[in-house]
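Chemist: the following comprises the amino acid sequence and a computationally predicted model.
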Amino acid sequence: MLAGVSLILLLFVLVTGCKKDVRSQSDAVSTATTTPRALTYQLVWSDEFNGTGVNTGNWNIDNGNPGVNNEKEYYQAANATVTGGNLVITARQQSVGGQPYTSAKLQTAGKFSTTYGRIEARIKLPMVQGTWPAFWMLGSNINTVGWPTCGEIDIMEHVNTSNTILGTMHWNGGSGHVQYGSSINTTPGGFHVYAVEWDNSSIRWYVDNTLYVTGNIAGNINNTGAFHLPFYIILNLAMGGDLPGNTIDNGSLPTTMLVDYVRVYNIVNSSSAPIGQTITLKGNNNSYVSGENGTVPMNCNRATAQAWEQFLVVDAGNGQVALQSMSKYVSSENGVNPITCNRASFGGWEVFNWISNADGTISLQGNNGDFVSSENGVQAMTCNRTTIGGWEEFRVNQ
């Protein structure tokens, strides 16, 4: 989080790095076309914040003012505590080191870094004018090549009392700093899961598993080679600065940023069903499958994935699965009627074979031997196809 932001339609311009400035930049990386695939996640690093203090085996705690973005805080260890299963970063109106506010910044440089993976944290943010909390990453070679050449991935940034969450990537496009990203609305004053999924083709941003922007890094397009190298993790709560401005609500201080956990997973292509995971299914029409909350037959026509478009993969025995959304199970209706998501438990009609296709998509075969079809989103979904074609293929977690 080393820069400011200007939102232009769906693309915003945000400068956030080791040297964040607020020059208007507009060179955006094109949206990636990722290869569809079934994914599983292997936990490789985490901090659950279940102790009584910051685990300094995982985190460095910064000291001082970073000297960027006209920020007004002095970072110190006293403002980072662990209690109630949360990391608590507290911002105070307190004069230290020539700055009018104190706060905390934690980072994993030299202790943990990753290239690719799912990096996520469950965070509750302050809703106070003048605050600038962030969950982000910097290239581990920053001390050698500098910013922005090292690259930066802002998994989550939030300013002031807005309901908007920002997700951005920053890098050296060849002749200086460029960036690409977007935003999504949520309720930042409550806990939400903020994540990126990063592989050798793209970086994808999520809030509560809702994908809202994808950046293309395949083949180092647009000089994005920095994003194929190790990055380390940062959590901080800045006060004032170029992005939130320097009008700060002192009457609402102290205020806190709570972090329930930070987790990093390897993303593994898999031919088997991801039992126990909550997934999304995207049809050939590039829309998401919806359980419709069990009120009408299922459709494949959602532009984004909300609660009704998320399915828990349940082990149904004998190598088969059941899909559960909003506590209800998907039923093939034995191919006689359009499929529904309204069963309280699963039986024969609610059990499917999970088929992994050669192109990385998956298909679902009902107990009647036929395949689930998205019907390309133009009518309710069915389970009556005798062979697999495009409408019977789904991308998982895309």
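Modeler: Structure's in. What do you need? The structure presented is a predicted model; accordingly, all values stated were derived computationally and were not measured.

Chemist: tell me the average confidence for the helix or strand containing Ile234?
Modeler: Taking DSSP states H and E as the criterion, Ile234 maps to strand 231-239. Averaging pLDDT along strand 231-239 yields 98.

Chemist: elements contacting it?
Modeler: Counting contacts by 3 or more Cβ pairs under 8 Å, 6 or more residues apart in numbering; DSSP states H and E, strand 231-239 packs against strand 73-75, strand 86-96, strand 99-103, strand 105-107, strand 131-139, strand 255-269. For glycine as for every other residue, the C-beta is placed from the backbone atoms N, C-alpha and C.

Chemist: export those strands to a markdown table and tack on mean pLDDT?
Modeler: A markdown table is the format used below for the helices and strands packed on strand 231-239 (pLDDT from 0 to 100):
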| stretch | mean pLDDT |
| --- | --- |
| strand 73-75 | 98 |
| strand 86-96 | 98 |
| strand 99-103 | 98 |
| strand 105-107 | 98 |
| strand 131-139 | 98 |
| strand 255-269 | 93 |
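
Chemist: any chance of those in a markdown table, plus distance to Asn58 and mean neighbour count?
Modeler: Below are the helices and strands packed on strand 231-239 laid out as a markdown table (distance: least, Cβ to Cβ, whole Å; neighbours: other Cβ atoms under 10 Å):
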| stretch | distance to Asn58 | mean neighbour count |
| --- | --- | --- |
| strand 73-75 | 17 | 26 |
| strand 86-96 | 10 | 20 |
| strand 99-103 | 19 | 22 |
| strand 105-107 | 9 | 22 |
| strand 131-139 | 15 | 26 |
| strand 255-269 | 9 | 19 |
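
Chemist: would you turn those strands into TSV with distance to Ser162?
Modeler: Below are those laid out as TSV (distance: least, Cβ to Cβ, whole Å):
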stretch	distance to Ser162
strand 73-75	19
strand 86-96	17
strand 99-103	19
strand 105-107	21
strand 131-139	10
strand 255-269	15
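
Chemist: poorly predicted segments of the stretch 1-150 of the chain, please.
Modeler: Across the stretch 1-150 of the chain, the ranges flagged by pLDDT under 70 are 1-39.

Chemist: ranges for the strands of it?
Modeler: Taking DSSP state E, counting those that start in this stretch to define them, one finds strands in the stretch 1-150 of the chain at 5-8, 11-14, 39-47, 60-61, 73-75, 80-83, 86-96, 99-103, 105-107, 117-124, 131-139.

Chemist: any idea how far Thr386 is from Phe371?
Modeler: 8 Å (Cβ to Cβ, to the nearest Å).

Chemist: again, but for Asn236
Modeler: Taking Cβ to Cβ as the measure, Asn236 falls 49 Å from Phe371.

Chemist: Ala109: neighbour count?
Modeler: Using other Cβ atoms under 10 Å, the number of residues around Ala109 comes to 17.

Chemist: how about it, what does it touch?
Modeler: Each residue near Ala109 by Cβ atoms under 8 Å, 6 or more residues apart in numbering is listed here: Asn60, Leu138, Ser140, Tyr232.

Chemist: got it, and Thr387?
Modeler: If you count contacts by Cβ under 8 Å, 6+ apart, Thr387 has them with Phe371.

Chemist: between Thr386 and Phe371, which has more neighbouring residues?
Modeler: More crowded of Thr386 and Phe371, by other Cβ under 10 Å: Phe371, with 25 against 9.

Chemist: what residues does the more buried one make contact with?
Modeler: Ile355, Ser363, Leu364, Gln365, Cys383, Arg385, Thr386, Thr387, Ile388, Glu392.

Chemist: ranges for the helices of the stretch 101-250 of the chain?
Modeler: Along the stretch 101-250 of the chain, the stretches classed as helices by DSSP state H, counting those that start in this stretch are 142-145.

Chemist: okay, and the beta partners of the residue nearest the centre of the chain?
Modeler: Geometric centre of the chain, nearest residue: Ala195, 2.3 Å, by Cα atoms, centre = their mean. In this structure, Ala195 bridges to Glu120, Tyr206 when assessed by DSSP bridges.

Chemist: look up which residues are beta-bridged to Phe394.
Modeler: In beta-bridge terms (that is, DSSP bridges), Phe394 pairs with Ile362.

Chemist: show the buried residues in the contacts of Phe371.
Modeler: Buried residues within the contacts of Phe371, counting neighbours by 16 or more other Cβ atoms under 10 Å: Ile355, Ser363, Leu364, Gln365, Cys383, Arg385, Ile388, Glu392.

Chemist: export the residues you listed to a markdown table and append columns for distance to Val296 and pLDDT.
Modeler: Formatted as a markdown table, these follow (distance: Cβ to Cβ, whole Å; pLDDT from 0 to 100):
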| residue | distance to Val296 | pLDDT |
| --- | --- | --- |
| Ile355 | 26 | 92 |
| Ser363 | 23 | 95 |
| Leu364 | 19 | 97 |
| Gln365 | 24 | 96 |
| Cys383 | 16 | 97 |
| Arg385 | 21 | 96 |
| Ile388 | 26 | 95 |
| Glu392 | 21 | 96 |
